[in-house]
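Visitor: Structure for this input, please:
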Amino acid sequence: MIISHDVSGAGPAVVLLHSSVCDRRMWDPQWQPLVDAGYRVVRCDFRGFGDTPLADAPYSASADVLSLLDHLGIETAAFVGASYGGRIALTVAALRPAAVSVLALLCAAKPGHQPSDALLALDAEEEELLEAGDIDGAVELNVRTWLGPEADEPTRELVRRMQRHNFEVQLAATVGPQKEDVDLARVTAPTLAVGGAHDVPDFREIAASLPALLPNARHQELPWAGHLPNLERPAEVTELLKAFLQESLAGR
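Guide: Numbering: from 1, shown residues only. Down below sits the predicted model:
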């Protein structure tokens with residue numbers, strides 16, 4: 001199965017991978033500006049998100065992304081990944097280094113990360129709400145946790161809609177993604193690891209740690225940002241991404 005996706009534009013390929021709180025609509029603010037900047041832009045929904053149905057057998061989210069690249073005839077692409085999408089981008093870059101020319105990671109998760117007690121407590125609170133049938137409460141927990149103070153009400157409502165849809169679909173799931181052990185030392189792409197000063201500590205620490213783990217990475221923390229900076233200050237993050245892509249792809 002090829003996961004649901006959009007493609008537009010011409011030029012070097014840029015693949016946008018969404019957070020697990022969202023779906024591919026989270027990239028609406030960046031979509032047209034990146035197309036207008038001269039890129040062939042791809043965004044997709046992971047299984048159980050947006051328009052991609054649940055899996056009926058164990059699967060690999062990174063393999064789904066690589067299958068999509070093959071389906072579209074893309075040999076190499078720049079990847080922009082948010083949170084869970086950042087973890088999948090890192091996994092793809094480790095499994096098939098030649099497929100990833102650039103990595104821009106927004107508050108990314110990391111393969112093999114051991115969650116803190118605080119993050120485990122957050123997961124337990126969400127699970128308790130869902131088991132009690134309180135989807136509204138679970139949605140609001142995620143909106144409060146993952147959006148920083150710069151997010152306006154229309155942005156919060158968009159995240160509510162995406163997260164609610166995810167819960168409604170995924171509550172019926174019987175299988176999930178396979179765990180993949182990867183060697184991040186295999187990642188060769190120039191990498192920008194962005195953190196948010198208002199984010200959960202786990203993700204701030206992951207962003208700060210990546211330059212020591214990857215051969216060609218730098219860290220930047222946004223003092224105003226929560227966990228979803230591209231939705232909190234869309235224009236500013238779009239310009240950050242465009243500048244990094246232009247710099248990193250120059251001469252390639």
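Visitor: CA atoms for contacts and neighbours, from now on please.
Guide: Will do.
Visitor: Mind listing what's buried along the helix or strand containing Phe79?
Guide: Counting by DSSP states H and E, the element that carries Phe79 is strand 77-82. The neighbour-count check on strand 77-82 (16 or more other Cα atoms under 10 Å) flags Ala77, Ala78, Phe79, Val80, Gly81, Ala82 as buried.
Visitor: could these be laid out in a markdown table, adding distance to Ile3 and pLDDT?
Guide: Shown next, in a markdown table, are the buried residues of strand 77-82 (distance: Cα to Cα, whole Å; pLDDT from 0 to 100):
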| residue | distance to Ile3 | pLDDT |
| --- | --- | --- |
| Ala77 | 17 | 98 |
| Ala78 | 19 | 98 |
| Phe79 | 17 | 98 |
| Val80 | 17 | 98 |
| Gly81 | 16 | 98 |
| Ala82 | 18 | 98 |
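Visitor: between these, which is closest to Arg96?
Guide: Ala77 (11.3 Å; Cα to Cα).
Visitor: Please name the nearest non-neighbouring residue to that closest one.
Guide: Excluding its sequence neighbours, the residue lying closest to Ala77 (Cα to Cα, 6 or more residues apart in numbering) is Ala13, at 4.7 Å.
Visitor: Backbone torsions only: list them for the one you found.
Guide: Here the main-chain torsion angles of Ala13 (degrees, to the nearest 10) amount to phi -80, psi 140.
Visitor: can you pull the contacts of it?
Guide: Tyr39, Arg40, Val41, Val42, Ile74, Thr76, Ala77, Ala78 (Cα atoms under 8 Å, 6 or more residues apart in numbering).
Visitor: Can you give me every residue that contacts the closest residue to Glu232 other than its chain neighbours?
Guide: Nearest residue to Glu232 in three dimensions, chain neighbours excluded: Ala151, at 4.4 Å (Cα to Cα, 6+ apart). By Cα under 8 Å, 6+ apart, the residues touching Ala151 are Leu231, Glu232, Arg233.
Visitor: Quick check: bridge partners of the residue nearest to Ala77?
Guide: Taking DSSP bridges as the rule, Ala13 bridges to Arg40.
Visitor: What pLDDT does the model give it?
Guide: Per-residue pLDDT puts Ala13 at 98.
Visitor: can you name the farthest residue from the center of the chain?
Guide: Within the chain, Ala132 marks the point farthest from the mean C-alpha position, 28.4 Å out by Cα atoms, centre = their mean.
Visitor: how near is it to Leu171?
Guide: For Ala132, the distance to Leu171 (Cα to Cα, to the nearest Å) stands at 12 Å.
Visitor: are any of the contacts of Ala13 buried, and which?
Guide: Buried by 16+ other Cα under 10 Å: Tyr39, Arg40, Val41, Val42, Thr76, Ala77, Ala78, out of these.
Visitor: Quick check: pLDDT value at the second one.
Guide: So the one you mean is Arg40. On the pLDDT scale, Arg40 gets 98.
Visitor: show me what contacts it?
Guide: Contacts of Arg40 by Cα under 8 Å, 6+ apart are Val7, Ser8, Gly9, Ala10, Gly11, Pro12, Ala13, Val14.
Visitor: which among the residues you listed gets closest to Gly48?
Guide: Taking the contacts of Arg40 together and measuring to Gly48 by Cα to Cα, the closest member is Val7, at 19.9 Å.
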